[in-house]
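K.L.:
Sharing a model prediction with you, sequence too.
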Amino acid sequence: MAKSLSHKPCDLVLFGTKGDLARRKLIPSLYQLERAQLLAEDTKIVGIARDKHDLKGYKKVVSESLKEFLKEPVDKEVEKRFLARLEYCKVDMTVKDDYLKIADVVDLESRTMVNYFSTPPSVFGAICEGLSHAGLVNEETRVVVEKPIGHCLESSKVINDKIAEHFNENQIYRIDHYLGKETVLNLLVLRFANAIFTNNWDHECIDHVQISVAESVGVEGRWGYYDDAGQMRDMVQNHLLQILSLLAMEPPVDVSADSIRNEKLKVLKALRPITVDDASEKTVRGQYTKGFVNGQQVPGYLEEEGANTESDTETFVSIRVDIDNWRWAGVPFYLRTGKRMPIKGTEIVVHFKELPHNIFKETYKTLPANKLIIRLQPHEGVEIHLMNKVPGLGEKMELQQTKLDLSFSDTFKNDRIADAYERLMLEAMLGNQSLFVRRDEVEAAWAWVDGILDAWDKSNESPKDYSAGSWGPVASIAMLAKDDREWDE
Ligand SMILES: NC(=O)C1=CN([C@@H]2O[C@H](COP(=O)(O)OP(=O)(O)OC[C@H]3O[C@@H](n4cnc5c(N)ncnc54)[C@H](OP(=O)(O)O)[C@@H]3O)[C@@H](O)[C@H]2O)C=CC1
Ligand SMILES: O=C1O[C@H](COP(=O)(O)O)[C@@H](O)[C@H](O)[C@H]1O
């Protein structure tokens, strides 16, 4: 029995169903929604690829994906229910008449058509045209679009224009999978459901903020795509700027899609441009050389499979970001992200200001400032560093810095943390756009990122080397040291 859901049943059409993302993430996530009974009873899942299969063959492909990528044993009962929802269509996405075959399996009358584009962006336009050609676009039809949306502002406009020829903004769901992460969503709750943070969240109380997204993986066989993108386009333009805007935005009036997106957009528009005049002070780009990660020897970027020995693509970026608005005047946000770092870990550290006066100076010369650490992944949780009195009867009061540590796995023991894609696919089926990125946000993010990419081009400097397994080039440490600060590790 399906749980009670407010959405109409859907035809979830998975374009690129045999690709890496679909097999590794989307199919296992849909299985989890089935397991949790969150799919409406009559919802269908329609796989689209250009290989010749009958439905039985496609079910086998799906079963194999589950076996390979599900992080737990496959529950046969759930799998049976899940496989019963499947349909398959062989479609070459560049051939308009092929879309007529999809019309035979979907039902626009009784189900909402949700089209997930898990394909290269180069075919997004062709899919939209094909769907229109087959009469599959009505007011309810939705499209879910994977990143990257373009390579720069101009190319993102071309893709968005193409989609907009067939769909209104309220039908377009642009994925940034970080927005589907439990802990990223929790930023809204931490900030806007707790007066202790709400009332201390500005330049009066906060000294600076650090956002680190460290990855221990390299390019994982995606050299062709990655070398064209680099860490700036792959991670900063989307995931890091989305986290930054959720952290820095003004309180939205409610949690509706546009209330949240309006506030995020204001932050993106207030990012101080970085130009060729200050890029060398405010940014560091790096590229990994060979080294050791988790005790394993790993190749350098230029020695990865499929690599071009002369690439100048950055695999590490750190940036000092200034937000030119009332709340954040004088508060730098330091962003840092890289491949082949010592660990996988995404963390936000909010450094509060030091106190104006120390009444304990006889026993404790300087009082360390409070810190709020938000661990987004792994070991999800929230930690606050506070000063406390050490118990004892001594003449002088002894102080010690201590931690209040809320670990999600200890606190919410029986609650499984859902994968981001589970939430995002469910929200797309429910028709809630809050966790999807609006066109103007994508464009504001590109406008700012393009300025930095342009400054790097003009400066003609190569990225700085760092050994795989380190925290990036030493210049990244120096960038903070100049401001009398250091990275939390
Ligand atoms: N993989 C990942 O971890 C991530 C991926 N993304 C994004 O998701 C999207 C999909 O990525 P990924 O799964 O890695 O890519 P893949 O290349 O693995 O998969 C794309 C799929 O699209 C199919 N396809 C392409 N052109 C056509 C066509 N004309 N007709 C029919 N099928 C076609 C391919 O079929 P065929 O095999 O026959 O060529 C392939 O199965 C991309 O936009 C990517 O940027 C975003 C974040 C992470
Ligand atoms: O979008 C992307 O994200 C992954 C990192 O995602 P995470 O959920 O594992 O933190 C990154 O490795 C990949 O290069 C990028 O395209």
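P.N.:
On my side now, so go ahead. Ligands and ions are numbered 1, 2, ... in the order given.
K.L.:
tell me the SS of the most centrally placed residue in the chain?
P.N.:
In the chain, the centroid-proximal residue (Cα atoms, centre = their mean) is Y178; its distance is 2.5 Å. Following DSSP: H, G, I helix; E, B strand; the rest coil, Y178 is assigned to helix.
K.L.:
How much space separates it from ligand 1?
P.N.:
To ligand 1, Y178 is 11 Å away according to Cβ to the nearest ligand atom, to the nearest Å. The way it works is simple: take the backbone N, C-alpha and C, and place the C-beta from them, glycine included.
K.L.:
Wait, that residue touches Q242, no?
P.N.:
Yes - using Cβ atoms under 8 Å, Y178 is in contact with Q242, at 5.7 Å.
K.L.:
between the two, what contacts are shared?
P.N.:
Jointly contacting Y178 and Q242 under the rule Cβ atoms under 8 Å, 6 or more residues apart in numbering are V184.
K.L.:
Closest residue of the stretch 201-350 of the chain to ligand 2?
P.N.:
D234 (4.8 Å; Cβ to the nearest ligand atom).
K.L.:
tell me the phi and psi of that residue?
P.N.:
phi -70, psi -40 (degrees, to the nearest 10).
K.L.:
cool, R233 as well?
P.N.:
phi -80, psi -30.
K.L.:
Please apply the same query to Q296.
P.N.:
Residue torsions, per degrees, to the nearest 10, at Q296 are phi -100, psi 140.
K.L.:
bridging residues for it?
P.N.:
Under the criterion DSSP bridges, Q296 forms beta bridges with V293.
K.L.:
Just the pLDDT for it.
P.N.:
Looking at Q296, its pLDDT reads 95.
K.L.:
Kindly report the same for S6.
P.N.:
60.
K.L.:
got the contact list for the worst-scoring helix or strand of the chain on mean pLDDT?
P.N.:
Using mean pLDDT, DSSP states H and E, the weakest-scoring helix or strand in the chain turns out to be helix 408-411, at a mean of 86. The contact list for helix 408-411 (Cβ under 8 Å, 6+ apart) reads 182-183, 379-381, 417.
K.L.:
Can I have the buried ones of those residues as a ChimeraX selection?
P.N.:
Entered in ChimeraX, the line below selects the buried ones among the contacts of helix 408-411, by 16 or more other Cβ atoms under 10 Å:
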select :182,183,380,381
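K.L.:
Next, the contact list for L185, please.
P.N.:
179, 423, 435.
K.L.:
Next: L14.
P.N.:
22, 26-27, 45-48, 116, 118.
K.L.:
Check whether stretch 321-340 comes near ligand 1.
P.N.:
No - using Cβ under 6 Å from any ligand atom, stretch 321-340 never reaches ligand 1; the gap is at least 13.3 Å.
K.L.:
so how many other residues sit close to the closest residue to D75 other than its chain neighbours?
P.N.:
Leaving aside its chain neighbours, D75 sits nearest to R35 (6.5 Å; criterion: Cβ to Cβ, 6 or more residues apart in numbering). R35 is flanked by 20 other residues according to other Cβ atoms under 10 Å.
K.L.:
how close does R35 get to ligand 2?
P.N.:
21 Å.
K.L.:
Can you check the pLDDT for that residue?
P.N.:
Listed pLDDT for R35 reads 97.
K.L.:
was I right about it contacting V78?
P.N.:
Yes - using Cβ under 8 Å, R35 is in contact with V78, at 4.6 Å.
K.L.:
Residues of the stretch 1-150 of the chain that sit close to ligand 1?
P.N.:
16, 18-22, 49-50, 92-94, 118-121, 123, 146-148.
K.L.:
Going through those residues, which ones are buried?
P.N.:
16, 18-19, 21-22, 49, 93, 118-119, 121, 123, 146-148.
K.L.:
Secondary structure for these - can I get that in CSV?
P.N.:
Listed next are these as CSV, based on three-state DSSP:
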residue, secondary structure
G16, coil
K18, coil
G19, coil
L21, helix
A22, helix
A49, strand
M93, coil
S118, coil
T119, coil
P121, helix
V123, helix
E146, coil
K147, coil
P148, coil
